[in-house]
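**Student:** Output the structure for:
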Amino acid sequence: MEGLWRAATGQDPSPEDYNGVEFWSNPERAGWLTKQGDYIKTWRRRWFILKQGKLLWFKDRHVSRGSIPRGVIPVGTCLTVKGAEDVVHKPCAFELSTTGQDTMYFIADSEKEKEEWINSIGRSIVQHSRSLADSEVVDYDNRS
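**Tutor:** So this is what the prediction gives:
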């Protein structure tokens, strides 16, 4: 039933969303988080991987080259990542807000895990914004 819903609503990520990301090998961070659904606001436990500026999630932790993510968030679209216990009224909760005005909520297994995820995602946001800024630098001394 969930698969039908995902297909009908176009929720499955397109392969272009994660093309070139070897998510099955040496992630920057990986682990279980409980994520609130986008449309049906239930909480589901998913295996998350942060790699190469993408936050991907899967139904289980056995991820291989042939695995298809349940979702992908490009870190370049993220504005903030911060604690959200006061918003969702659950311990170890955090939120990730994106440029599309979307806010996603997650619950880690412990306060330590929550802080590690916030720090890892935050670092990735900063790295991505730096690489964008570097690519936009114009060398005015060498203009034709």
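
**Student:** partner residues bridging the one residue sitting closest to the centre of the chain?
**Tutor:** Of all residues in the chain, the one closest to the mean position by CA atoms, centre = their mean is residue 55, 2.8 Å from it. Legend: beta-bridge partners of residue 55 under DSSP bridges are residue 50, residue 73.

**Student:** Repeat that for residue 98.
**Tutor:** Going by DSSP bridges, residue 98 is paired in beta bridges with residue 78.

**Student:** cool, residue 45 as well?
**Tutor:** What pairs with residue 45, by the bridge criterion (DSSP bridges), is residue 34.

**Student:** returning to what we had before: list the contacts for the residue nearest to the centre of the chain?
**Tutor:** The contact partners of residue 55, taken as CB atoms under 8 Å, 6 or more residues apart in numbering, are 48, 49, 72, 73, 75, 96, 121, 124. Every C-beta, even on glycine, is put in place using the N, C-alpha and C of the backbone.

**Student:** ok so the last one is a helix residue?
**Tutor:** Looking back up the chat, that one is residue 124. Yes: assessed with DSSP: H, G, I helix; E, B strand; the rest coil, residue 124 lies in a helix.

**Student:** Mind listing what's buried along stretch 112-126?
**Tutor:** For stretch 112-126, a neighbour-count test (16 or more other CB atoms under 10 Å) marks 113, 114, 117, 118, 120, 121, 122, 124, 125 as buried.

**Student:** Quick one: the residues you listed as a markdown table, columns for pLDDT and distance to residue 33 too.
**Tutor:** As requested, those are arranged in a markdown table below (pLDDT from 0 to 100; distance: CB to CB, whole Å):
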| residue | pLDDT | distance to residue 33 |
| --- | --- | --- |
| 113 | 98 | 8 |
| 114 | 98 | 9 |
| 117 | 98 | 7 |
| 118 | 98 | 11 |
| 120 | 97 | 12 |
| 121 | 97 | 11 |
| 122 | 95 | 15 |
| 124 | 94 | 15 |
| 125 | 93 | 17 |
